[in-house]
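Chemist: Dropping the sequence and predicted coords here.
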Amino acid sequence: MKISVGKDYISKRTIPANADELNINNFAHELEKLIPSSHYLNTRESYVINQNIFSIKNIRFYSKYTHYPKTKKFDIFKLLLKNLFKAEYEVQNIENGIWIYDDKATTYYHFIFDTLQRYLMVSDRYKNFYVLVPEVYMTSWMSDHLKFLKIKYKILKKINYINSII
């Protein structure tokens, strides 16, 4: 189930005072930008295999929630197969979780300004769920931030069955 948070809006920006003619031409497309509405998705009975979310029930990959920028479906399928063959087959069962990561999350800037912002969008009724952190994404500074912000998290093994993902 897709749950909308906010609405589309157009951001209109003024030309910076220090911009010269070359800069204005290069960045003119940035002066007026459509900022699409945000949403979160509630999916049930899904698997997180390494960094990929897959629903056997719906036969669906949730690649636009795990990969940045948008990746071709065939490349995601190849990546999923590769992950399946490399994965350890001890499945970790998790009742509920929140997915806020994409493959840019290990970069400090993206973690602070993209990943944590996704957590802020989630409704308070889901804040008791664990944030699901793929083991390969976890860094010491990421752990420090999550602890400082008192965000409950669970480090994922290679294959995880999750009853409900927000």
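Modeler: Done, it's in.

Chemist: Grab the nearest non-local neighbour of Phe129.
Modeler: Leaving aside its sequence neighbours, Phe129 sits nearest to Asn96 (Cβ to Cβ, 6 or more residues apart in numbering; 4.4 Å). Bear in mind the C-beta positions are built from the backbone N, C-alpha and C, glycine included.

Chemist: Quick check: phi and psi on that neighbour?
Modeler: phi -140, psi 150 (degrees, to the nearest 10).

Chemist: does it really touch Val131, like I thought?
Modeler: No - at 10.9 Å, Asn96 does not count as touching Val131 under the criterion of Cβ atoms under 8 Å.

Chemist: Which one of the two is surrounded by more residues?
Modeler: Val131 (21 against 16; other Cβ atoms under 10 Å).

Chemist: Can you tell me, leaving aside adjacent residues, what's nearest to that one?
Modeler: Tyr153 (4.3 Å).

Chemist: Which pLDDT value goes with that neighbour?
Modeler: In this model, Tyr153 is scored at 92, pLDDT.

Chemist: what residues go with each domain of the protein?
Modeler: Domain ranges of the chain: 1-39, 42-165, per automatic domain parsing.

Chemist: Determine which stretch of those domains is the most buried.
Modeler: A comparison of these by mean neighbour count, using mean count of other Cβ atoms under 10 Å, puts domain 42-165 on top with a mean of 15.
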